[in-house]
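Participant: my questions are about this predicted structure, shown below with the sequence.
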Amino acid sequence: MPSNKKEGIIFGLFMCFGMVLIMSIYNTVLHEVSSFTVGSAVLQFIVAFIIAFIVESLVEPKARKLALSLPYDKSKKINFIIAIAFCMVPAMVLIMSVYGVILTALMTGIEGSIFTVYLKTVGLNLIVALPSQLLIVGPISRWLLTKYIKPLTQKPELNV
């Protein structure tokens, strides 16, 4: 887990990159976008990544505060990881699904009630986002942070 602001930003970038990648692939497959091109996919990924990082920056402090207020054994790091995931992922899904519905409306149009489409989008995204965050993106992001970033950001100890 990040131990300072710089590590927190880098960790957030890792998490956003992984989650946007997985959710972009999932939603492309789910909606069978026939006008798929590599250029449009890259552009959509960049836009989604920027939006997700901004949203994550706003949601994370509130999710962390909520996760710390929940009654669980805080002496085990895994409990905090699970608690923050259960606080953060639903909030991110609720917000990023608005982006998804807007994108769908612009690209293919929406049939029926926008509220129904939004609820369906939230449900479909949540069933993939939570396991992806807990089982794939979170562990990889923590590993990358520990392996490559923490050694660079830790102050060297003075042996006197």
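Facilitator: It's in.

Participant: and the pLDDT at the closest residue to residue 96 other than its chain neighbours?
Facilitator: What sits nearest to residue 96 in space, not counting adjacent residues and going by CB to CB, 6 or more residues apart in numbering, is residue 52, at 6.1 Å. For glycine as for every other residue, the C-beta is placed from the backbone atoms N, C-alpha and C. Predicted confidence (pLDDT) for residue 52: 97.

Participant: residue 52 in helix, strand or coil?
Facilitator: Secondary structure state of residue 52, per DSSP: H, G, I helix; E, B strand; the rest coil, is helix.

Participant: test my guess that residue 149 contacts residue 9.
Facilitator: No - the criterion here is CB atoms under 8 Å, and residue 149 misses it with residue 9 at 10.2 Å.

Participant: who has more neighbours, these two?
Facilitator: Neighbour tally, residue 149 and residue 9, criterion other CB atoms under 10 Å: the higher count belongs to residue 149, 16 against 13.

Participant: now do the contacts for the more buried one.
Facilitator: 7, 10-11 (CB atoms under 8 Å, 6 or more residues apart in numbering).
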